[in-house]
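Q: generate a structure from the sequence data that follows.
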Amino acid sequence: MSQKNNLVKKLEAVNEYEREPIPKGKLKSWKSFVGTYAGEHTAGTEFVLGPLFVAHGASAVDIVTGLLIGNILAVLSWAFFTGKAATKTRLTLYYQLEKIAGSRFTMIYNLVNAVAFCFLAGSMITVAATAVGIPFDMAMPALNDTLPTSLGFVLTVFGVGAITTVIAMFGFNQVVKFANIAAPWMIMIFIAAAVTVLPRLGINSIGDFWPVAKETIWSGVPLEGNTKFTFWHVMFFAWFCNMAMHIGMADMSILRYAKKWTAGFATSTGVFLGHYVAWIASGILYSLFLLESDNSLTFAPGPIAYEAVGIAGAICVIIAGWTTANPTLYRAGLAIQSINPKWKTWKVTLFVGMITTIAACFPALMMKLLDFVALYGLVLMPLGAVVFIDIFLLPKMGLRSNYAEINKSSFNPAVGITWLVTLVFCVGLNFYGDIEIFFLGLPGWFVAVVVYLISSKLVQKNSKSAVTPAPESSSQKTVSIS
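A: Numbers count the residues shown, from 1 in each chain. Sure thing, here's the model as predicted:
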């Protein structure tokens, strides 16, 4: 009983500053973010996304060039959009959006956001479970599976989900510590696994690599039932696979701890090690699996890594799943907690972890990860544009930022109009213009900007609070040292 009380006291003592700026004494150096982003983005998703590029027939040239350009654009988006907004306000996305959009709208947004994060974390728990189940000869999911494959699979998922949830419950500091410990080792395993299997693909020298890469690994021919991916698919996916985090502003919750906005460039460790090296490495492992299994439809990252480098590969899949699921659950907990500030974050995270674990029992989350990541980023992207424009551009136009807070309103119509019009525009391009979901984020962001500027002008036209630009808030003046 005393141990239980001590645990509860420790959890109650966790303060994540959900509705106030981060105090100056709690700010962290760029080193904390190097580890956090390296751990999060060299993670479970990489064991899924890398192989899916192989399955969709991306060519070797498309992979090398598309990932390079796309990841550079992603890093710039994190630094110049999310980093600048986060260090100016020192607030979570959810509280900042409440000031702008009002509590009624933010409640809806936070629920959508939390569900999306739960599904993403759930897919990573599924990834880790495929490795945990290896010693128990667990039936592994196939590319076309949507429902749980066995009782053993469900039990394994619940075990992995429990550990992931406990780590996230202890807050940002524990997430950082876990990532810093795991990230260097995982990166080494990704690289070692890919190098180890090269001879089995017929690559025995540096000169052999490129011909085999073009003909065998990324042949440019999609597997049966999969669409063909081009350079543009690869580049836009590398840029926008984390659209919700950077131009969607979700990582304000992480980068608000940064001393300077330039900590956003620390994401380069994650995307270039994870979304470049690790995607290439996992693609190599999957191409070997296809070659040696006669194009089997079984799609389980755990066994694929285990077949390549043994137990170290299986352990890497487990840890990689955790390092993505942990910060994702942390974000989901903050999103739900912001609906009712009286709720304890750790209790909310426990609830969110349970929902996430149940979702993880369905392999479809993992099999459709490319489409899901693109979709949830697209849904959350318009609000990122709203936050950025509200912070940096509205005051320059003679309009007031934080409209809902100033007018004591529970709903800012300009935000609702922006979200609706942007999503309708994107859906229209997808259905009637036959433009794939991977390409909708860029035009959608500009539509959101234009619509929010126009609708804010109209909404604030007759408001006395919109006569002059809002002065910088005292909290921003005192804690922002960027």
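
Q: M245 belongs to a strand?
A: No: using DSSP: H, G, I helix; E, B strand; the rest coil, the assignment for M245 is coil, not a strand.

Q: please name the nearest non-neighbouring residue to it.
A: In this structure, M245 finds its nearest non-sequential neighbour in D251, 4.5 Å apart by Cβ to Cβ, 6 or more residues apart in numbering. C-beta here means a position set from N, CA and C on the backbone, and glycine is covered the same way.

Q: my read: that neighbour touches T82, true?
A: Yes: at 4.9 Å, D251 and T82 qualify as touching, with contact defined as Cβ atoms under 8 Å.

Q: now do the shared contacts for these two.
A: Common neighbours of D251 and T82, counting by Cβ atoms under 8 Å, 6 or more residues apart in numbering, are M245.

Q: mind checking how far the longest helix along the chain is from the chain centre?
A: In the chain, with assignment by DSSP state H, the single longest helix is helix 103-132. Counting by Cα atoms, centre = their mean, to the nearest Å, helix 103-132 is centred 10 Å from the centre of its parent chain.

Q: what residues sit buried inside it?
A: 103, 105-107, 109-110, 112-132 (16 or more other Cβ atoms under 10 Å).

Q: re earlier: neighbours of the residue nearest to M245, how many?
A: For D251, the number of neighbouring residues by other Cβ atoms under 10 Å comes to 28.

Q: how about V415, what does it touch?
A: 100-102, 105, 383, 386, 452.

Q: measure it to Q96 for me?
A: Using Cβ to Cβ, to the nearest Å, V415 is found at 12 Å from Q96.

Q: now for those two: what residues contact both?
A: Common neighbours of V415 and Q96 (Cβ under 8 Å, 6+ apart) do not exist.

Q: now F53, what are its backbone angles?
A: phi -70, psi -40 (degrees, to the nearest 10).

Q: for T149, which non-adjacent residue is spatially closest?
A: Computed as Cβ to Cβ, 6+ apart, the closest residue to T149 that is not its neighbour in sequence is A139, at 4.7 Å.

Q: sec struct for the one you found, please.
A: coil.

Q: please apply the same query to the one 10 residues further on.
A: The three-state label for T149, taken from three-state DSSP, comes out as coil.

Q: R200 too?
A: Here R200 is recorded as helix under three-state DSSP.

Q: ok, it - contacts?
A: R200 makes contacts with 288, 292, as judged by Cβ under 8 Å, 6+ apart.

Q: H56 too?
A: By Cβ under 8 Å, 6+ apart, the residues touching H56 are 222-223, 226-229, 233, 370.

Q: and if you look at L91?
A: Counting by Cβ under 8 Å, 6+ apart, L91 makes contact with 20-21, 99, 252, 256.

Q: next step: these restricted to helices.
A: Under the assignment DSSP H, the contacts of L91 contribute 99, 252 to helices.

Q: point out where this structure drops to low pLDDT.
A: 1-19, 39, 43-44, 136, 142-145, 170-184, 297-299, 338, 341, 462-482 (pLDDT under 70).

Q: and the buried ones among the contacts of L91, selectable in PyMOL?
A: Buried residues among the contacts of L91 (16+ other Cβ under 10 Å), as a PyMOL selection:
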select buried, resi 21+99+252+256
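
Q: how about JSON lines for the contacts of L91, with distance to F289 added?
A: Below are the contacts of L91 laid out as JSON lines (distance: Cβ to Cβ, whole Å):
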{"residue": "E20", "distance to F289": "49"}
{"residue": "P21", "distance to F289": "49"}
{"residue": "K99", "distance to F289": "49"}
{"residue": "M252", "distance to F289": "39"}
{"residue": "R256", "distance to F289": "41"}
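
Q: ok, the contacts of L91 vs K396, which is closest?
A: Using Cβ to Cβ, K99 comes nearest to K396 of the contacts of L91, at 18.3 Å.

Q: which one (most neighbours) among the contacts of V415?
A: A101 leads the contacts of V415 on contacts (other Cβ under 10 Å) with 31 neighbours.
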